[in-house]
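Student: everything below, folded, please.
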Amino acid sequence: MKAKGFLSELRLYFCNEWIGKLPSHTMRRWFYRRVMKFQFKTETFIFMHCSFDAARGLTIGRDSVINGRCRLDTRGGIYIGNAVSISQEVIILTADHDPDSTDFAGRNRKVVIEDYVWIGTRAIILPGVTIGRGAVIAAGAVVSKNVEPFTVVAGVPAQCIKKRRQDINYRLNYHRLFQ
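Tutor: Residues are numbered from 1 along each chain as shown. Modelled structure (predicted):
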């Protein structure tokens, strides 16, 4: 393995196995910004025990919260808007393999999560998906296609079960001492 590849792997190991477990949001925030090169506003919180698949590729708006034990595959890029709530153990994937490829070719596809989205516990968001403003993803849902704004989806695969009201306007502030 080349030195650059080794250092990249070491950075990810340190991020996921050490930094993500620190009970100091300030120290994690510093590392995520300076070393991992993630872009996010100061009002954003990433709780403990989250893991990432690559440096760079993560942009988060203001007042958004990523709860603990989430996996964010940033290889293809993840954009998260303002006032987004991502519950515990959510998985957001941006990389997969082309099933029609003869050589198992990998591919990266960006995930976009617009403002005021709420993603329930243990939901899985697959590569290339856009989740529209104000949408709700039910716990355990597997999202493989774009979700229209203000739509509530559930199931495997996720399907629309109702519409959400459109006059939402809130700020999230989950700041906790040891998260």
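Student: let me see the contact set for the spatially closest residue to Asn82 that is not a sequence neighbour.
Tutor: Once flanking residues are discounted, Asn82 sits nearest to Gly61: 3.8 Å by C-beta to C-beta, 6 or more residues apart in numbering. All C-beta atoms are positioned from the backbone trio N, CA, C, and that covers glycine. Contacts were defined as C-beta atoms under 8 Å, 6 or more residues apart in numbering; by that measure Gly61 touches Phe40, Lys41, Thr44, Ile80, Gly81, Asn82, Ala83, Val84, Asp115.
Student: top of the residues you listed by number of neighbours, please.
Tutor: Most neighbours among those, by other C-beta atoms under 10 Å: Ile80, with 25 neighbours.
Student: and for Ala3, the neighbour number?
Tutor: Neighbour count of Ala3, defined by other C-beta under 10 Å: 7.
Student: give me the number of residues near Cys160?
Tutor: A total of 13 residues lie near Cys160 under the criterion other C-beta under 10 Å.
Student: just the pLDDT for it.
Tutor: Listed pLDDT for Cys160 reads 98.
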